[in-house]
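In: okay, sequence plus prediction incoming.
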Amino acid sequence: MKRNLLVICASTALLTAGLTSCSDSAGREPDAALWQEDFRYQPVAARPQLEVAYTDSSRTAFEILAEEYHLIGQLRAPHLLQNKADGTPWLWFEMEDASGTRYSTRNYRGETRINLYRRGPYYCEIHWFDVHLATDKKDTAALRGALTLYCYPEKILADITWHGSGRFVPASMEVKGLVEQKYDGFKPFAKGTIQSYSFPIFGESEPLPADAFRLLAGRNPVRYDRKRGCYILGSHTDGGFQKKLYDEPNFYETVTFRVNNDSVKRKIYVCHESSDGGEITEGGMLLDREGHPMPIVVQVSKNFAGEKEEAFYNPTDQPFSETIFPLYLEPGESHTLTSLHLFQNWGRHMTKHWSSLGAWMDYFHSSTGVTETTCYVPFKFAGLGGVTIADFRAMSQECFWVDQPQHDNLAGHSFLSYYDGKDWIHPVYTGTVYRSTGPNWYDIGLRYLTSDGKIKVTADIFETPQNDELRSYFKVRYEVLQPLEIADARANS
């Protein structure tokens, strides 16, 4: 559906007070009263917390800082997911083979690692790779595991996928920790055999029945994804970047639906996906039942196929593009709303958007229309001493693909590294502040702490739509927390 909007929303970061007091042209009050609970949690200070970061520069553990839980994932033995406050184990796995030999992920002495395929203010998807099972004598099962953690501010779900690396015959597997669950009926593993199991860990509740949703416009009926813990909407993505840029700059993929809540007060998460594998969605916007843009930050996450960054665990490099947003529903509350996928324009100007991207490690993409302009890497490209800004693609640069409006890169960039006389010190990522993800501008804060704990780094980034990267405002503030002396600063910083 093509929509040529004449009313331009100022920003998803605007104060919501104006929406509660204005009237439409017929003198009716808009349904802002129905959205008060949703608007209440949009200011950054009130928004429920969700972040994933390494615990320190050693990168031997990561933490999930959520509104309702704070967990540590150990990337070295004993490989537990545990409560930060008291060390209580929340998750590990044990398995028994056909001969009665027991294996546990706690016994494995090797290293594991993580990659994030999706990251944002509402949903982070952690892929914990190279998980192994071993006996108490350290004999390792012929299995290679990928544990996926589906993280929201109030809940966390999981999926474990075992890849056979040789002959192994399991009798049963036990999920241990906060949730105790046993699985039987395994098929024997051989090299290339894959078997998966999913389960909630914390905070999940029974979803609404299917008849609580009515799809008014869109690709597929609304369904609840029990593995990921969100409701899925679908729309069709037709064509690529070139088509959106030149042929239909004001085309928006549209899904309109109605939800009727039951007698339970609940918060739900909705994922609007490009249901046929589209990978080019740049941004999102929500409209109320009368077509008014709503001041709700929309998370955008995507993956481009082709580079096969995780060749073993994701050999097809599955493409996707999604927008994600929460809904707060009072008992008996009903809503009709529209979710838009945006590409080139929003009204009379190009969009400006911020999204997460799956890659060798998770990226943030800033986009002007369908042109990816600047790429920020929370965990840095090429390790702790690598680059924070992996790509800076001004539109005045040459295009480096014939069939896409993507421009050449002006090299990688970093900031604040120094030698303290013993080690090189680099900033360690601690979090992101999502003030606005688009479509008229993005306003993002990246937070770091140097690996010696002496300097806090605040990087604030603001961009508006533009024909080049001349209005990309990047401000870095260094707050010195402890005395620091650098000998020969010119050479050592």
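Out: Perfect, I can see it now. Predicted model only: the values in this text are computed from it and were never measured. Numbers count the residues shown, from 1 in each chain.
In: assign the residue lying farthest from the centre of the chain to helix, strand or coil.
Out: Outermost residue of the chain with respect to the C-alpha centroid, by Cα atoms, centre = their mean, is S99; its distance is 41.6 Å. The local conformation at S99, judged by DSSP: H, G, I helix; E, B strand; the rest coil, is coil.
In: how many residues are close by the residue nearest to I280 when sequence neighbours are not counted?
Out: Among residues not flanking I280 along the chain, F241 sits closest, at 5.7 Å (Cβ to Cβ, 6 or more residues apart in numbering). C-beta here means a position set from N, CA and C on the backbone, and glycine is covered the same way. Residues lying near F241 (other Cβ atoms under 10 Å) number 21.
In: excluding chain neighbours, what is closest to the residue nearest the centre of the chain?
Out: In the chain, the residue lying closest to the centroid (Cα atoms, centre = their mean) is R119, at 1.7 Å. Closest residue to R119 apart from its sequence neighbours, by Cβ to Cβ, 6+ apart: S356 at 4.2 Å.
In: equivalent analysis for F189, please.
Out: What sits nearest to F189 in space, not counting adjacent residues and going by Cβ to Cβ, 6+ apart, is G164, at 3.4 Å.
In: ditto for H127
Out: H127 sits nearest to N115 (Cβ to Cβ, 6+ apart), 4.9 Å away.
In: ok so, going back, run a quick neighbour tally on the residue nearest to R119.
Out: With other Cβ under 10 Å as criterion, S356 counts 26.
In: test my guess that it contacts F320.
Out: No. At 11.3 Å, S356 does not count as touching F320 under the criterion of Cβ atoms under 8 Å.
In: what are the boundaries of the helices in the protein?
Out: 17-21, 36-40, 241-242 (DSSP state H).
In: where's the last one relative to the chain centroid, distance-wise?
Out: Taking Cα atoms, centre = their mean, to the nearest Å, the mean C-alpha location of helix 241-242 is offset from the chain mean by 24 Å.
In: neighbouring contacts of that helix?
Out: By Cβ atoms under 8 Å, 6 or more residues apart in numbering, the surrounding residues in contact with helix 241-242 are 280, 370-371, 403-406.
In: sorry, back to before: measure the residue nearest to I280 to K302 for me?
Out: 12 Å (Cβ to Cβ, to the nearest Å).
In: where do the contact lists of those two overlap?
Out: Contacts common to F241 and K302, judged by Cβ under 8 Å, 6+ apart, are I280.
In: which residues are in contact with L75?
Out: Neighbours of L75 in contact, by Cβ under 8 Å, 6+ apart: 59-62, 111-114.
In: tell me the pLDDT at it?
Out: According to the prediction, L75 has pLDDT 98.
In: likewise for W35?
Out: 89.
In: that one is in contact with L286, isn't it?
Out: No. Counting by Cβ under 8 Å, W35 does not reach L286; the two are 9.8 Å apart.
In: which stretches of the stretch 351-493 of the chain aren't confidently modelled?
Out: Applying pLDDT under 70 to the stretch 351-493 of the chain flags no residue at all.
In: so G306 makes contact with D317?
Out: Yes. Between G306 and D317 a contact is recorded at 6.3 Å, counting by Cβ under 8 Å.
In: compare the two and say which is more crowded by neighbours.
Out: Set G306 next to D317 and count neighbours by other Cβ under 10 Å: D317 wins out with 16 against 9.
In: and that one, what does it touch?
Out: Here D317 is in contact with 303, 305-310 (criterion: Cβ under 8 Å, 6+ apart).
In: gap between it and A359?
Out: 10 Å.
In: and for those two, which residues touch both?
Out: Joint contacts of D317 and A359 (Cβ under 8 Å, 6+ apart) are 307, 309.
In: give me the neighbour count for T336.
Out: Other residues close to T336 by other Cβ under 10 Å number 16.
In: and it, what are its bridge partners?
Out: R258 (DSSP bridges).
In: and for the one 5 residues further on?
Out: Here H341 shows beta-bridge partners E253, G284, assigned using DSSP bridges.
In: just checking, it touches E322?
Out: No. In this structure, H341 is not within contact of E322 by Cβ under 8 Å, at 9.0 Å.
In: just checking, Y224 touches L233?
Out: No. Using Cβ under 8 Å, Y224 is not in contact with L233; the gap is 11.2 Å.
In: dump the contacts of D317 to a markdown table, plus pLDDT and distance to V480.
Out: Below are the contacts of D317 laid out as a markdown table (pLDDT from 0 to 100; distance: Cβ to Cβ, whole Å):
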| residue | pLDDT | distance to V480 |
| --- | --- | --- |
| N303 | 88 | 39 |
| A305 | 86 | 44 |
| G306 | 82 | 44 |
| E307 | 83 | 39 |
| K308 | 87 | 43 |
| E309 | 88 | 37 |
| E310 | 92 | 39 |
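In: drop anything exposed from those residues.
Out: 303, 309-310 (16 or more other Cβ atoms under 10 Å).
In: closest one of the residues you listed to S104?
Out: E310 (25.3 Å; Cβ to Cβ).
In: roughly how far does that closest one sit from E180?
Out: Taking Cβ to Cβ as the measure, E310 falls 30 Å from E180.
In: for P326, same thing?
Out: Distance from P326 to E180, by Cβ to Cβ: 30 Å.
In: quick one: which of the two has more around it?
Out: A side-by-side neighbour count of P326 and E180, using other Cβ under 10 Å, places P326 first with 24 against 8.
In: bridging residues for that one?
Out: Beta-bridge pairing of P326 under DSSP bridges involves Y269.
In: hang on, it packs against C271?
Out: No. Counting by Cβ under 8 Å, P326 does not reach C271; the two are 10.8 Å apart.
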